[in-house]
Structures are given as structure tokens and as C-alpha cells.
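Visitor: What shape does this take:
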Amino acid sequence: MVLVRWYGHACVEIQDSSGFKVVFDPHDGASLGIKKPTVKADLILISHDHFDHNAAHTVAKDDSQILKMFRGEKTIKNIAVKGLLSYHDKSRGSQRGLNIIYVVNIEGRRIAHLGDLGDKPGEEVLRELHGLDLLITPVGGRYTLEPEEAWELVETLKPLNILPIHYYIEGLQLPIKPVDEFVKLVRGYNIVKLDKNSFGLEDYTRTVIIPKLV
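Guide: Numbers count the residues shown, from 1 in each chain. Reported below is the predicted structural model:
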């Protein structure tokens, strides 16, 4: 089973059945006003070098592998990783820089973490994002895709499941929108709000999954 855990903001853990843990975009908690991630990662994937996404030290072990803004393809412990170039803004990175979208294949499940995507990707990248079992997308706007833009991307890609990230939660010290601004746009998917921060990916089909930070 592929287990998914959300640690607030853009920090997400994917764990395979052997216990190998991949963590995307770790934060340190305190800088954002929310809880620090408790996971220790085997592989850390960082989409861009901003403070709320690059705190690898908070989740690293002595033997953790770290890929920061990695472009290309690499296989680590039977997990295929592909880093795709995108932008943190709508002016090809001139305002907030580059952003890497990571697509991982873990136990036959294709999962994409969009990082701080600020503009719709080009056609070449979009082709790489079809056939996803889980799309992890920012939805809070201002620094990333607005809720409407995130939903338009969902309609283009038609992923099996969606995990919204990078939205306002209690305590967060960033002026971004709450997840309900995205949820009200959803059509054709079930919406599940959990009372915990983890779920088994195999348990869901055509579902927007909203964990609770605990």
C-alpha cells in the first residue's frame, strides 16, 4: 500500500510498503506558524529554494538523499523520479523564480507534486502529467495557482485523485486562500475531509482528499 501523509502547507510524505519515505517540500513549522513535520525521510525532493519549501534539515537523517530543483530522471530504491521545469509566476520565473514539478512512480502509482506552480505548464510538461493516480496541487493562490486555475488544470489532466496543498490553515502566517475556495469548484469528484493527516492511496478513486493537520 502507498501511504500519503500531509504535514501542512506543501510538505507531503509518500511511503511505500517497505517503509521507504519520500518527502516533498519540507518546512520547519515555526517560520510558518504551524507544526513542524515529524517524519524522517529517506528521499527529500525540493521544488524550489524558498524558506517554506526547502527546510530539508527538519526531515533529514544522516543517510537521506536530497534532490533540490532536480531536472531529469533518476531511480532511487525502485522509485522513479522525474523533475520537470515550470515557473513560480506568470513571467517565466522573473518574479519568483523557477519551480520543479516532481513525478514519482512508486509501486506502480504515478504521483505528481506541483510545488509552488504559478502558471499553467507548457504542453510538453502537461503530457508528462496525464495518467496520474494522485495530483498534489497548490490551490491557495497569490504565490501559486489560484483556486480557479488549479481546477482548470485538474480538468485538463483528469487525475484519478487530488490532494490540495498550499492553502490557508489556522496559524499559517501567509495571506493565501482556504481550501474551500477550491472545493466549491469541484465537479465530478467525491470530496472527503479526513480527521487525520494520512490516507492509503488505494482506498480512493476520483476523490479530492483533504487531510487534517494533527
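Visitor: OK, contacts around residue 133?
Guide: 109, 110, 111, 159, 160, 161, 201 (C-beta atoms under 8 Å, 6 or more residues apart in numbering). (Glycine included, C-beta is placed from N, CA and C.)
Visitor: Next: residue 26.
Guide: Counting by C-beta under 8 Å, 6+ apart, residue 26 touches 7, 11, 37, 41, 44, 46, 53, 54, 55, 56, 58, 59.
Visitor: List the ones among those that fall in strands.
Guide: Using DSSP state E, the subset of the contacts of residue 26 located in strands is 41, 44, 46.
Visitor: So what pairs up with the residue lying closest to the first one once chain neighbours are set aside in the strands?
Guide: Distance criterion C-beta to C-beta, 6 or more residues apart in numbering; nearest residue to residue 41, sequence neighbours excluded, is residue 23 at 3.8 Å. Taking DSSP bridges as the rule, residue 23 bridges to residue 13, residue 44.
Visitor: Which one of the ones in strands among the contacts of residue 26 is nearest to residue 145?
Guide: Nearest to residue 145, judged by C-beta to C-beta, of the ones in strands among the contacts of residue 26 is residue 46 at 18.9 Å.
Visitor: ok, so what distance separates that closest one from residue 39?
Guide: For residue 46, the distance to residue 39 (C-beta to C-beta, to the nearest Å) stands at 15 Å.
Visitor: Settle it for me: which of these two has more neighbours?
Guide: For residue 46 versus residue 39, neighbours defined as other C-beta atoms under 10 Å are more numerous around residue 46 (22 against 17).
Visitor: Let me see the contact set for the residue nearest to that one when sequence neighbours are not counted.
Guide: Using C-beta to C-beta, 6+ apart and skipping the chain neighbours, the partner closest in space to residue 46 is residue 68 (4.3 Å). The neighbours of residue 68, taking C-beta under 8 Å, 6+ apart as the test, are 46, 49, 54, 56.
Visitor: So residue 68 versus residue 136, what's the distance?
Guide: 18 Å.
Visitor: swap in residue 24?
Guide: Applying C-beta to C-beta to residue 24 and residue 136 gives a distance of 7 Å.
Visitor: what's the overlap in contacts for those two?
Guide: 12, 113.
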